[in-house]
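> I'd like to go over a predicted model; first the sequence, then the structure.
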Amino acid sequence: GDALYTSPCLRTASAHRAAACSPFPLFIKSRRTMSLFSAVEMAPRDPILGINEAFNADTRTTKVNLGVGVYCDEDGRIPLLRAVAEAEKIRVAQHAPRGYLPIDGIAAYDQAVQKLLLG
């Protein structure tokens, strides 16, 4: 049979007491880790990343990689496009405040994630 495993970071008595209140099991009776998403099928490989892999495998020197939305010049550098420079000037001229999100993030996002994960 499978041996009973514990997380190596949960060795102290206080950690065991804290884990008792956790929604995640302290012990699992398998080498495979159980997950809240274990019934969700793996998504197919990203076709855009496949384009990048094909680009990297192509040995031709006259190729241009536009697969991941980044344009590089002949030297592999990302040039500042004129349209981007103009958009930056407009953005800077607006003098809009720039700050950090609150430590808890965006409340509506937090609530949506909690509902998704916890029901």
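On my side now, so go ahead.

> What's the per-residue pLDDT of Thr59 here?
Per-residue pLDDT puts Thr59 at 95.

> how about the nearest residue to Leu36, chain neighbours excluded?
Leu117 (6.7 Å; CB to CB, 6 or more residues apart in numbering). Bear in mind the C-beta positions are built from the backbone N, C-alpha and C, glycine included.

> Pretty sure that neighbour sits in a helix.
Yes - counting by DSSP: H, G, I helix; E, B strand; the rest coil, Leu117 is found in a helix.

> and it, how far is that from Ser35?
From Leu117 across to Ser35, the span is 11 Å (CB to CB, to the nearest Å).

> Could you do Val113 as well?
Here Val113 is placed at a distance of 16 Å from Ser35 (CB to CB).

> for Gly69, same thing?
Taking CB to CB, one finds Gly69 at 31 Å from Ser35.

> what do you get for Leu101?
For Leu101, the distance to Ser35 - CB to CB - is 28 Å.

> Same question for Glu88.
Counting by CB to CB - Glu88 and Ser35 are separated by 42 Å.

> I'd say Asp73 and Leu80 touch.
No - between Asp73 and Leu80 there is no contact under CB atoms under 8 Å: 10.8 Å.

> rewinding a little: count the residues that sit near the residue nearest to Leu36.
Other residues lying near Leu117 total 10 when counted by other CB atoms under 10 Å.

> For Ile103, see how far away it is.
Taken as CB to CB, the span from Leu117 to Ile103 is 20 Å.

> One more: Ile90?
Taking CB to CB, one finds Ile90 at 31 Å from Ile103.

> So these two - more neighbours on which side?
Neighbour count, other CB under 10 Å: between Ile90 and Ile103, Ile90 has more, with 8 against 5.

> For the helix or strand where that one lies, which residues meet the burial criterion?
Assigned by DSSP states H and E, Ile90 belongs to helix 82-93. Within helix 82-93, no residue counts as buried by 16 or more other CB atoms under 10 Å.
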